[in-house]
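Q: no sequence on this one, just coordinates:
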């Protein structure tokens, strides 16, 4: 495994971040394809053995059970200083707004619950899960600075925002001596490259780490035509993101398969090796041990410039999908 600094922070992270959305009680929460605690423990233990020290979860993943499973496994299998844990909070609901819960209090409450779920005293990275159009940005930044000052979060990150929003927030923080976002988690992979327009150049200029989600497009960049999985069959949200561009994306996926055959490696390794030329540490989900193996192997696979160009050649502009397609249109508290 290879390691790097997370943006301007002093956190040393593995080039692969294990995404933990696939862990949690499948009977509760958004997804039916998640794995139980025993499988979660096995996967995390294997990840640690392969040198993965960076783990990303969220309070909304399966109603907190992802945090519970992940926290227990990390506490049992590793020393606290040997891993970096990130979790996220979502915006206030309309009910909380109506009841007078401030943005700052909301952040405090959610982090306290996440720490309880994780069984930890602090998180290394606390991520603003999506831009909150119902709470002033200044209030969010003050609230995040409060939890950093309290020692409950070492650093802060942001997810699902536009480059202009990240720039505005960090400018405000810098002007007022507050904690700044050190990382951004957006939607970025070989068949979803809209982050290259403004976010990627801005992050490179500002030394902000990019830790994108959907690194394998919900498994689409790791499977050949006809291959399937429980997630591919049941993940309606991923279908919402990718089905409309399946024909154009399929041509790129075919090239991934072609290069995988040529190099004698998996499609996962090709797809992630490409993304690793662009970002700090992609967030890669795993519901099987083989998923962890493929991600870890990708770190040591170097693509030639000709191979990179070949993978990129057929990309056509995509409309924003998922959370970003709804950015600015959400009702209070909505994740999508």
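A: Done, it's in. Bear in mind that the values here come from a model prediction, so they are computed numbers and not experimental data.
Q: And stretch 273-287, end to end?
A: Between the opening and closing residues of stretch 273-287 there is a gap of 20 Å (C-alpha to C-alpha, to the nearest Å).
Q: Ok, stretch 176-190 next?
A: Criterion C-alpha to C-alpha; first-to-last residue distance in stretch 176-190 is 38 Å.
Q: Check stretch 21-38 too.
A: The distance separating the two terminal residues of stretch 21-38, taken as C-alpha to C-alpha, comes to 15 Å.
Q: next one: stretch 202-210
A: Its first and final residues considered, stretch 202-210 spans 10 Å by C-alpha to C-alpha.
Q: Enumerate the positions of it that are buried.
A: Buried positions in stretch 202-210, judged by neighbour count with 16 or more other C-beta atoms under 10 Å: 202-203, 206, 208-210. For the C-beta atoms, the positions are set from N, CA and C on the backbone; glycine is no exception.
Q: Max pairwise distance over those: which two?
A: Pairwise distances across the buried residues of stretch 202-210 peak at 12.3 Å for 202 and 209 (criterion: C-beta to C-beta).
Q: which helices and strands does the longest helix seen in the chain pack with?
A: Residue-count comparison of every helix in the chain, with assignments taken from DSSP state H, identifies helix 246-263 as the longest. In terms of contact count using 3 or more C-beta pairs under 8 Å, 6 or more residues apart in numbering; DSSP states H and E, helix 246-263 is assigned the packing partners helix 267-276, helix 305-312.
Q: Now do the last one, average pLDDT.
A: For helix 305-312, the mean pLDDT works out to 98.
Q: Give me the residues contacting it.
A: When contacts are taken as C-beta atoms under 8 Å, 6 or more residues apart in numbering, the neighbours of helix 305-312 outside the stretch itself are 190, 193, 252, 255-256, 259, 270, 274, 277, 303.
Q: Give me the buried entries from those residues.
A: 190, 193, 252, 255-256, 259, 270, 274, 303.
Q: related to what we said a few turns ago, can you mark which positions in the longest helix of the chain are buried?
A: When neighbours are counted by 16+ other C-beta under 10 Å, the buried residues of helix 246-263 are found to be 249, 252-253, 255-257, 259-260.
Q: Please list all residues in contact with the nearest residue to residue 285 once chain neighbours are set aside.
A: Among residues not flanking residue 285 along the chain, residue 19 sits closest, at 4.0 Å (C-beta to C-beta, 6 or more residues apart in numbering). Contacts were defined as C-beta under 8 Å, 6+ apart; by that measure residue 19 touches 56, 213, 215, 283-286.
Q: What about those, which one has the most neighbours?
A: Using other C-beta atoms under 10 Å as the neighbour definition, the contacts of residue 19 reach their maximum at residue 215, which records 30 neighbours.
Q: Which helix or which strand is home to that one?
A: Here residue 215, judged by DSSP states H and E, is contained in no helix and no strand.
Q: coming back round to it: which among the buried ones among the contacts of helix 305-312 gets closest to residue 128?
A: Closest approach between these and residue 128, by C-beta to C-beta: residue 193, at 23.2 Å.
Q: picking up where we left off before, want to try a markdown table for the helices and strands packed on helix 246-263, with distance to residue 168 as columns?
A: A markdown table is the format used below for the helices and strands packed on helix 246-263 (distance: least, C-beta to C-beta, whole Å):
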| stretch | distance to residue 168 |
| --- | --- |
| helix 267-276 | 27 |
| helix 305-312 | 30 |
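Q: most packed of these?
A: Highest mean neighbour count of these: helix 267-276, a mean of 24 (counted as mean count of other C-beta atoms under 10 Å).
Q: and the residue of the chain positioned farthest from its centre, how far is that from residue 311?
A: The outermost residue of the chain relative to its centre, with distances by C-alpha atoms, centre = their mean, is residue 99 at 30.9 Å. Distance, residue 99 to residue 311, by C-beta to C-beta, to the nearest Å: 50 Å.
Q: So which other helices or strands are in contact with the helix or strand hosting residue 88?
A: Using DSSP H and E, residue 88 sits in strand 84-89. With contacts defined as 3+ C-beta pairs under 8 Å, 6+ apart, the secondary structure elements packing on strand 84-89 are strand 54-56, helix 65-77, helix 103-118, strand 123-128.
Q: Can you give me the distance of residue 50 to residue 56?
A: Remark: distance between residue 50 and residue 56 (C-beta to C-beta) = 16 Å.
Q: what's the answer for residue 249, then?
A: Spatial separation of residue 249 from residue 56 under the definition C-beta to C-beta is 24 Å.
Q: Run a quick neighbour tally on residue 163.
A: Neighbours around residue 163, by other C-beta under 10 Å: 19.
Q: which residues sit in contact with the spatially closest residue to it that is not a sequence neighbour?
A: With C-beta to C-beta, 6+ apart as the measure, residue 198 is the residue that lies nearest to residue 163, at 4.0 Å, once sequence neighbours are left out. Taking C-beta under 8 Å, 6+ apart as the contact definition, residue 198 lies against 162-164.
Q: Helix or strand with the lowest mean pLDDT in the protein?
A: The element with the least model confidence among the helices and strands of the chain, by mean pLDDT, DSSP states H and E, is helix 236-242, at a mean of 63.
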